[in-house]
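Visitor: Any chance you could fold what I've pasted below:
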Amino acid sequence: MKQREKFFELSRRAMLSAFAALPGLLPVSASAQTAMTDPLPSWNDTATKKAIVTFVERVTQQGSPDFVPPAVRIATFDNDGTLWAEQPIYFQLAFALDRVKALAPLHPEWRDKEPFASLLKGDLKGALAGGEAAIFEIVTVTHSGMTTVEFEKIVHDWITTAKHPVTGRLYTEMVYQPMLELLAYLRGNGFKTFVVSGGGIDFMRVFAERVYGVPPEQVVGSSGKLNFELRDGRPILMKLPELNFNDDKTGKPVGIQMHIGRQPIAAFGNSDGDLQMLEWAKGAGGVRFALIVHHTDAEREWAYDRASSIGRLDKALDVAKAEGWTVVDMKNDWKTIFPFGSK
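Guide: Now for the predicted structure:
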């Protein structure tokens, strides 16, 4: 047995040497070697990381009593506050606010109509004083009245240039490095990963593949109604100012069923809006995994939970502790937050 192990070790070293000697290839760095041996290098070696690895090993090892076939290894991820940041306001709302300013010259009536009047005066707090109704009106007028192709271009142009008000980074840089590693780790073990968010499906589909490696057909989100039309003999889809589906809270399991058709065996969220999705994943029987990202790091990111108006984590935190779900303590479980470091 010792001779056999020695043979395999010598073979492994020979392969590494051969690859390193190939033209155009750089020597394998220490960080690259770490990544090859540790698929989650931005996670501290805490119970949280161990729980993730243990779950994946249980459901992917052939011969394991908990083995799950690749076809049904479905993992669903919330977006805001789970895959990328959500403070001080949801990023899609920031997009909508910028669109109000851009569209204002075409709507002189907005100067005397809330929530637009306050927005145009720079009074964000006053504009949002109307709560969900005000937000809904802002999103409705900025996400409709154009074709799906036109909307995609508008989002693309914004997401490639707009910057976060606190960090000055592109919004697509405000992603969590540990979660990017987790997405890749799951896919490397035969999982199909989906983004399931209360955010707009057409908004997220613009960048999800480039940023998360999640293609458009694996994005589930809220949507407005569409209408098929012929414009100069060419077929188009017009975005209408009407809500089609709200993919939040109890809507998430419904959206999963409508778009995916399989119950996930793993779900990841950060707020009360994700509670029902995690319950849906855990309720199928067998080995299932539910994880809550708890924002506990005020220095490197933001610390908030029960009292926050953005990403409130209250009931879901209690359920997670009562049910034994995995809860990420961002401050202690993550070595790094963003790919660029800290806010």
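
Visitor: contacts and neighbour counts: CA atoms only from here.
Guide: Noted.

Visitor: residue ranges of the strands in the stretch 51-200 of the chain, please?
Guide: For the stretch 51-200 of the chain, applying DSSP state E, counting those that start in this stretch gives strands covering 74-77, 192-200.

Visitor: Save the ones you listed as JSON lines, and put in mean pLDDT, distance to residue 254 and mean neighbour count too.
Guide: Shown next, in JSON lines, are the strands of the stretch 51-200 of the chain (pLDDT from 0 to 100; distance: least, Cα to Cα, whole Å; neighbours: other Cα atoms under 10 Å):
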{"stretch": "strand 74-77", "mean pLDDT": "98", "distance to residue 254": "13", "mean neighbour count": "24"}
{"stretch": "strand 192-200", "mean pLDDT": "98", "distance to residue 254": "11", "mean neighbour count": "24"}
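
Visitor: Could you verify that residue 306 is part of a helix?
Guide: No. Note on residue 306: no helix contains this position according to DSSP: H, G, I helix; E, B strand; the rest coil, which reports coil.

Visitor: Could you find the closest non-adjacent residue to it?
Guide: residue 314 (4.5 Å; Cα to Cα, 6 or more residues apart in numbering).

Visitor: any idea how far the one you found lies from residue 249?
Guide: Applying Cα to Cα, to the nearest Å, the value for residue 314 to residue 249 is 13 Å.

Visitor: Over to residue 194?
Guide: Distance, residue 194 to residue 249, by Cα to Cα: 16 Å.

Visitor: Over to residue 83?
Guide: Distance, residue 83 to residue 249, by Cα to Cα: 17 Å.

Visitor: So which of the two has more stuff around it?
Guide: It is residue 83, of residue 83 and residue 249, that has more neighbours when counted by other Cα atoms under 10 Å, with 24 against 17.

Visitor: so what's that one up against?
Guide: Residues near residue 83 by Cα atoms under 8 Å, 6 or more residues apart in numbering: 77, 175, 176, 179, 180.

Visitor: how many neighbours does residue 162 have?
Guide: By other Cα under 10 Å, 17 other residues sit near residue 162.

Visitor: Let me know the pLDDT of the closest residue in space to residue 104 that isn't next to it in sequence.
Guide: Excluding the flanking residues, the one nearest residue 104 by Cα to Cα, 6+ apart is residue 110, at 7.1 Å. On the pLDDT scale, residue 110 is placed at 96.

Visitor: again, but for residue 306
Guide: Residue 306 is given a pLDDT of 98.

Visitor: Over to it: give its phi and psi.
Guide: When read as degrees, to the nearest 10, the backbone of residue 306 gives phi -70, psi -30.

Visitor: and if you look at the one 10 residues further on?
Guide: Reported as degrees, to the nearest 10, the phi and psi values for residue 316 are phi -60, psi -30.

Visitor: pretty sure it is touching residue 272, no?
Guide: Yes. Counting by Cα atoms under 8 Å, residue 316 touches residue 272, with 5.0 Å between them.

Visitor: So in this protein, where's the weakest helix or strand by average pLDDT?
Guide: For the chain, using mean pLDDT, DSSP states H and E, the weakest element among its helices and strands is helix 2-21, scoring a mean of 39.

Visitor: With adjacent residues omitted, what lies nearest to the residue positioned nearest the centre of the chain?
Guide: Centroid-nearest residue in the chain, with Cα atoms, centre = their mean: residue 79, separated by 2.7 Å. Once flanking residues are discounted, residue 79 sits nearest to residue 197: 5.5 Å by Cα to Cα, 6+ apart.

Visitor: now do residue 250
Guide: Per Cα to Cα, 6+ apart, closest to residue 250 is residue 276, 5.6 Å.

Visitor: Surely the one you found forms part of a strand?
Guide: No. Read with three-state DSSP, residue 276 is helix and lies in no strand.

Visitor: Correct me if wrong: it contacts residue 256.
Guide: No. Assessed by Cα under 8 Å, residue 276 is found out of contact with residue 256, at 11.2 Å.

Visitor: more neighbours, those two?
Guide: A side-by-side neighbour count of residue 276 and residue 256, using other Cα under 10 Å, places residue 256 first with 23 against 18.
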